[in-house]
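Chemist: 3D, please:
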Amino acid sequence: MVPRSARRNAGIKRGVTVMAQAQATLSIDLGGTKMLAALVRDRTVLDTHKMATPRGGNPAEWLQALFDTIAPWKGRYDKVGAAVTGIVDDGHWSALNRNTLDVPERFPLTDTIARLSGSPAFAANDAQAAAWGEFSFGAGRREDMVFLTVSTGIGGGIVVGGRLLGGLAGHFGQFRLDEASRHMLEDQVSGHWIASEASPHQEGATAREVFAAANAGQDWARRIVETSARRTALLCRNVQLALDPKRIVIGGSIGLAPGYLTSIERALSDLPPRLKPSIHAAELGENAGVVGIADLAERQQQL
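Modeler: Numbers count the residues shown, from 1 in each chain. Below you'll find the predicted structure:
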């Protein structure tokens, strides 16, 4: 007969085995505008904390501030996934467009996070992580897909044959509209561009306020939004010709702003059916990155 204490220690109660609940993954989404920390377990976001991304200092200081704030979460997670704007190679982080977020070359991201958290860390580009989230749990429906996030900048991710492409794959915001242009595509489409174009009409207007003005019938605002959407539509057309994905999923604060996807689809309406991309709104919202990087971190730990 098993002693009562042994049954209790083994997690046995009234003939039912009680399994210890798995710890969550700490997910960090660090972009040009905000830092989002989340505790994620089995695709479910249990808790979140958001703070503005500092425009000064260095990433070590930003991450220290974030970990100081979420210190009460210590012990609730056993691994960390970090999704960041820019390039991630072998756990080192570098800027791709310093207008979006300026970070030093090859900052030791995973080592810094592992030191601050005391847990194993995995890192990937934020849009690639969001692409994996949408592929696995959202609008991607586990089909070959390209994800575009239009926000402070433009990012993207590609999933082919159930595999997320890493490295530079999906950095569509770095495309040029023409060879003579010194500006990257995201500098002529994104939220920063929309706000800068609004300046002569409404000093200090944010991208959100430009969309509000467009929806209120202001012609100047409508022209800015339509121009951004046409350029995104051209990107979608080129992506379709290059990769022929089943779906192009669009997210981000600009991509999901009222009327933006409709403007993209209107710009693509004259294409023959075989050439027309299948455009879908992202379903996970701002959680796409944290859910995606949590799943990637979990898979990495199992290797």
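
Chemist: going by C-alpha atoms from here, please, whenever you check contacts or count neighbours.
Modeler: Fine.

Chemist: can you pull out the helices in the stretch 201-303 of the chain?
Modeler: Applying DSSP state H, counting those that start in this stretch to the stretch 201-303 of the chain gives helices spanning 207-215, 219-243, 260-267, 288-302.

Chemist: save those as TSV, and put in distance to residue 150, mean neighbour count and mean pLDDT too.
Modeler: Conversion of those to TSV gives the following (distance: least, Cα to Cα, whole Å; neighbours: other Cα atoms under 10 Å; pLDDT from 0 to 100):
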stretch	distance to residue 150	mean neighbour count	mean pLDDT
helix 207-215	12	19	96
helix 219-243	9	18	97
helix 260-267	10	18	97
helix 288-302	13	23	93
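
Chemist: need those helices in a markdown table with distance to residue 141, can you?
Modeler: Formatted as a markdown table, the helices of the stretch 201-303 of the chain follow (distance: least, Cα to Cα, whole Å):
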| stretch | distance to residue 141 |
| --- | --- |
| helix 207-215 | 30 |
| helix 219-243 | 17 |
| helix 260-267 | 19 |
| helix 288-302 | 14 |
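
Chemist: residue 74 is nearest to which of the ones you listed?
Modeler: Residue 74 sits nearest to helix 288-302 of all the helices of the stretch 201-303 of the chain, at 16.6 Å, using Cα to Cα.

Chemist: among the helices of the stretch 201-303 of the chain, which is nearest residue 91?
Modeler: Across those, the minimum distance to residue 91, taken as Cα to Cα, is reached by helix 288-302, at 12.3 Å.

Chemist: next one: the closest one to chain centre, how far?
Modeler: With Cα atoms, centre = their mean, to the nearest Å as the basis, helix 288-302 stands 12 Å off its chain's centre.

Chemist: surely residue 183 touches residue 189?
Modeler: No: between residue 183 and residue 189 there is no contact under Cα atoms under 8 Å: 10.6 Å.

Chemist: more neighbours: these two, which one.
Modeler: Between residue 183 and residue 189, counting by other Cα atoms under 10 Å, residue 189 is the more crowded of the two (25 against 14).

Chemist: quick one, phi psi at that one?
Modeler: phi -140, psi -40 (degrees, to the nearest 10).

Chemist: is the residue nearest to residue 290 when sequence neighbours are not counted bridged to anything, and to what?
Modeler: In space, and not counting its chain neighbours, residue 290 is closest to residue 27: 5.1 Å by Cα to Cα, 6 or more residues apart in numbering. Beta-bridge pairing for residue 27 (DSSP bridges): residue 38, residue 81.

Chemist: residue 261 versus residue 226, what's the distance?
Modeler: Residue 226 sits 10 Å away from residue 261, going by Cα to Cα, to the nearest Å.

Chemist: circling back: out of the helices of the stretch 201-303 of the chain, nearest to residue 124?
Modeler: Residue 124 lies closest to helix 288-302 among those, at 7.3 Å (Cα to Cα).

Chemist: with just CA atoms, put that closest one into PDB.
Modeler: Coordinates of each C-alpha in helix 288-302 appear next as PDB, following Å, rounded to 0.1, in the frame of the first residue of the first chain:
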ATOM      1  CA  ALA A 288       0.900  37.900 -33.300                       C
ATOM      2  CA  GLY A 289       4.500  38.500 -32.500                       C
ATOM      3  CA  VAL A 290       4.400  37.400 -28.900                       C
ATOM      4  CA  VAL A 291       2.400  34.300 -29.700                       C
ATOM      5  CA  GLY A 292       4.600  33.400 -32.600                       C
ATOM      6  CA  ILE A 293       7.900  33.900 -30.800                       C
ATOM      7  CA  ALA A 294       6.600  31.900 -27.800                       C
ATOM      8  CA  ASP A 295       5.900  29.000 -30.100                       C
ATOM      9  CA  LEU A 296       9.300  29.300 -31.800                       C
ATOM     10  CA  ALA A 297      11.100  29.500 -28.400                       C
ATOM     11  CA  GLU A 298       9.200  26.400 -27.300                       C
ATOM     12  CA  ARG A 299      10.300  24.500 -30.500                       C
ATOM     13  CA  GLN A 300      13.800  25.700 -30.000                       C
ATOM     14  CA  GLN A 301      14.000  24.400 -26.500                       C
ATOM     15  CA  GLN A 302      12.800  21.000 -27.700                       C
END
